[in-house]
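> Let's see this in three dimensions:
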Amino acid sequence: MSYTVSVRTLCEFTAKQGDLDLRFTPAPTALQGIEGHQLVQSRRGADYEAEVALQGDYETLRV
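Next up, the predicted model:
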């Protein structure tokens, strides 16, 4: 028997409340985060991959 779960689903399950990263208080809004990521990506070269598909296995769990 094996289980497959997405990273997003796993994070949502394990962090039902609070924030995963408490270093930045107050935290930026979601829109500010999106704009920040777009700015960083726009500075990358043509070969930059914004998203890369990954998977990993641990015993009977595939993420």
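
> List of residues touching the helix of greatest length in the chain?
As assigned by DSSP state H, the longest helix anywhere in the chain is helix 30-42. Contacts with helix 30-42, where a contact means Cβ atoms under 8 Å, 6 or more residues apart in numbering, come from 28, 48, 50. Backbone N, C-alpha and C define where each C-beta goes, glycine included.

> Quick check: the nearest residue to the second one once chain neighbours are set aside vs Gln17, distance?
Of all residues not flanking Tyr48 in the chain, Gln41 sits nearest, at 7.0 Å (Cβ to Cβ, 6 or more residues apart in numbering). Shown here: Gln41 relative to Gln17, a distance of 30 Å by Cβ to Cβ, to the nearest Å.

> what does Ala27 give?
Taken as Cβ to Cβ, the span from Ala27 to Gln17 is 14 Å.

> again with Glu59
Taken as Cβ to Cβ, the span from Glu59 to Gln17 is 27 Å.

> same thing with Ala46?
41 Å.

> what does Ala50 give?
29 Å.

> Neighbour count: the two, which is higher?
Using other Cβ atoms under 10 Å, the more surrounded residue of Ala50 and Gln17 is Ala50, with 9 against 4.

> how about the strands in this protein?
3-4, 57-58, 61-62 (DSSP state E).

> so which of those is the most packed in?
strand 61-62 (a mean of 12; mean count of other Cβ atoms under 10 Å).

> That one: partners in the sheet, and parallel or antiparallel?
strand 3-4 (parallel), strand 57-58 (antiparallel) (DSSP bridges).

> and stretch 5-19, average pLDDT?
In this model, stretch 5-19 has an average pLDDT of 79.
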